[in-house]
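Novice: Fold the following and give me the result.
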Amino acid sequence: MSGIENMRNREGAEMGLITVGILMGLGGTLAMDLWAVLLHRAFGQPKPNWANVGRWSGHTMRGKLFHDDIAVAEPVPSELKLGWAVHYGVGIAYGVIFVLLAGKQWVADPTFLPVWIFALITIAAGWFLLQPGMGLGWALSRTPRPWKGRIMGLVAHTVFGLGMFLTALAL
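Specialist: I've put the predicted structure just below:
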């Protein structure tokens, strides 16, 4: 009996899927973070600034969604911790949403294409909510090199999908 089948028998099918989704989201987010570290060490690529994400999230909870420049917005308490929590929370949510959409059949026999397509689709939240909300424009349009950022984002989301897929295989 596979680990997934055993989990289903012990916890019920839905709890098993949610657990798998949580682990896949964690695995995908960790893969994305390791990719960022590799790019930083090998090519000097700046690491993601999760404090700005935390600041944006803090202001969003106070009702202000869009900023001209999140870097000059009033700091929020523990914004770096909040940014990391949002980063991993979103990754976990994506993992759970994916397995609930893909279902038991995919979990029992994972393939890369569906999780990769899903991971690429998730970049829309960054392009059309987070980045404009932080003052970077739609899909980074207000940055000096928007196409570089867009391509790097698509690669990072591919790595996220690969991490989710490898986690599903490991389970």
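
Novice: what's the neighbour count on residue 73?
Specialist: When neighbours are defined as other CB atoms under 10 Å, residue 73 has 18 of them. For the C-beta atoms, the positions are set from N, CA and C on the backbone; glycine is no exception.

Novice: list the contacts for the closest residue to it other than its chain neighbours?
Specialist: Leaving aside its sequence neighbours, residue 73 sits nearest to residue 67 (CB to CB, 6 or more residues apart in numbering; 5.2 Å). Residues in contact with residue 67 (CB atoms under 8 Å, 6 or more residues apart in numbering) are 56, 59, 73, 133-135.

Novice: How many neighbouring residues does residue 32 have?
Specialist: 23.

Novice: same thing with residue 86?
Specialist: 18.

Novice: Now it. Its backbone dihedrals?
Specialist: The phi/psi pair for residue 86 (degrees, to the nearest 10) reads phi -60, psi -40.

Novice: thought it was touching residue 53?
Specialist: Yes: the pair formed by residue 86 and residue 53 meets the contact definition of CB atoms under 8 Å, at 5.6 Å.

Novice: so where do the helices sit in the chain?
Specialist: With DSSP state H, the ranges of helices along the chain come out as 3-11, 13-43, 50-61, 79-108, 112-121, 123-125, 131-133, 146-170.

Novice: for the longest one, packing partners?
Specialist: Secondary structure elements in contact with helix 13-43, counted by 3 or more CB pairs under 8 Å, 6 or more residues apart in numbering; DSSP states H and E, are helix 3-11, helix 79-108, helix 146-170.

Novice: Could you export stretch 120-138 as CSV, CA atoms only?
Specialist: This file holds the C-alpha atoms of stretch 120-138, laid out as CSV (Å, rounded to 0.1, in the frame of the first residue of the first chain):
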residue,chain,number,x,y,z
LEU,A,120,2.4,29.3,-14.4
ILE,A,121,-1.2,30.5,-14.0
THR,A,122,-0.5,31.5,-10.4
ILE,A,123,1.9,34.2,-11.5
ALA,A,124,-1.2,36.2,-12.4
ALA,A,125,-1.7,37.0,-8.8
GLY,A,126,1.7,38.6,-8.7
TRP,A,127,1.4,40.4,-12.0
PHE,A,128,-2.1,41.8,-11.5
LEU,A,129,-2.4,42.2,-7.7
LEU,A,130,0.8,42.2,-5.8
GLN,A,131,3.1,44.0,-8.2
PRO,A,132,0.6,46.8,-9.0
GLY,A,133,-0.3,47.0,-5.3
MET,A,134,3.4,47.6,-4.4
GLY,A,135,3.7,50.3,-7.1
LEU,A,136,5.6,48.2,-9.6
GLY,A,137,2.9,48.4,-12.3
TRP,A,138,0.9,45.6,-14.0
